[in-house]
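Visitor: Sequence and predicted structure, then a few things I'm wondering about:
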Amino acid sequence: MMHIWHYTKLSPDQIGGVEKHIAALSHIFSKKGYLVSIGLKQPAIKSEEKLILHTHGDAWPSFKLLKLHYQHSLKWVHVCHGTSAGRVLACREFFSFSGLKGSLRDFSLVQCADAIIGVSQNAVLEAEKYFQYKGAFQIISNGVDPTIFKPLSQIVSDPRLIYVGRMNDRVKNLDMLLYASELLANKNSKYELWLAPGFKNHSHSYIKNLGKQDGRKLFEALSQCRALILCSFYEGNPLVVYEAMAVGLPILASDIPALREVLANYSLVTFFNPRKLQDVVMKIESVLNQDNFTPTPFVRSWDEVAQDYIRFYETL
């Protein structure tokens, strides 16, 4: 029997992409009959169980666990959603102590892992570059629940964009999105920007806070918008992009490696330079003013993702 332990301080009921990743995979693993544990407290392990220890970058194994690892009592797989070094460079925070600390921590410990699973080719390249990791690795991208995120019959023509993600993370480059939205709202009184979860306080009539969205609420919100927008300086493998692709919604995205990779074969994508306001505004207007789009969904289910993980586990 295989026991999969997500060694993390993150809570699966939070809105972040890594949290959703953990929640979705844990749910499917449990349905398939595997034992799953989440948290820092070591679960009770029976002698016949094969223990897979997953780390996600927010917490690292204790000395006790490292000892078990070297005694071959467990296999350690680090899931690379992106790197601290990559984020620091993308945000140009060259003097960020927290970023430097995170990068040094990652470099020092990932070398001990049995394998790395990268959520994208870009994540694996970063692990090789910044961690100097030379061990086994596998690329397994994220997925979506197709029972919730179903293809749209049509895309609305209303000039309404939606952003989904953390509101207080500099890497998300929300200042640029707000600057662009102010210019767009001055040109078009019908323009709206929907934010999930949103800001606590704002005075702009064109901004709507959606609050925390579960899957079904998010599907309803996506179905009422012209496009999803991501202005990020840096991403790993954002789940909301898979959710937008699954319904066939146009996507406005920063021209950065991770987003170019995940959207490479998606026909309804428009890229822009996230550091140039004029380019952001121009590309948004091109999507808002374009004739009606035909939804062209692309779906990768969490079941497919889970099967890829299981096949990889069996190689360890």
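Guide: Arrived safely, thanks for sending. Numbers count the residues shown, from 1 in each chain.

Visitor: On the pLDDT front, check the residue nearest to Leu277 when sequence neighbours are not counted for me.
Guide: Nearest residue to Leu277 in three dimensions, chain neighbours excluded: Tyr179, at 5.7 Å (C-beta to C-beta, 6 or more residues apart in numbering). No exception for glycine: its C-beta is placed from N, CA and C like everyone else's. Per-residue pLDDT puts Tyr179 at 95.

Visitor: just Ser108 next, same as before
Guide: Reading off the model, Ser108 has pLDDT 63.

Visitor: so Pro297 sits in a strand?
Guide: No - Pro297: not assigned to a strand; according to DSSP: H, G, I helix; E, B strand; the rest coil it is coil.

Visitor: start at 356 instead
Guide: I'll keep to 356 as the first residue from here, and by that count the last item is Pro652.

Visitor: Tell me which residues touch it, please.
Guide: By C-beta atoms under 8 Å, 6 or more residues apart in numbering, Pro652 lies in contact with Pro506, Leu507, Met600, Ala601, Val602, Gly603.

Visitor: So it versus Glu598, what's the distance?
Guide: As for Pro652, its distance to Glu598 is 11 Å (criterion: C-beta to C-beta, to the nearest Å).

Visitor: I'd like to know how far the closest residue to Phe648 other than its chain neighbours sits from Arg525.
Guide: Distances taken as C-beta to C-beta, 6+ apart put Ile510 closest to Phe648, at 4.6 Å, once the chain neighbours are dropped. From Ile510 across to Arg525, the span is 31 Å (C-beta to C-beta).

Visitor: the more surrounded of these two?
Guide: Each of Ile510 and Arg525 has its neighbours counted (other C-beta atoms under 10 Å); Ile510 has more, 20 against 16.

Visitor: Touching, that one and Leu577? I think so.
Guide: No - assessed by C-beta atoms under 8 Å, Ile510 is found out of contact with Leu577, at 9.8 Å.

Visitor: Give the intersection of the neighbour lists for those two.
Guide: Leu604.

Visitor: Could you pull up the contacting residues of the residue nearest to Phe648?
Guide: Arg581, Gly603, Leu604, Pro605, Asn647, Phe648, Thr649, Pro650.
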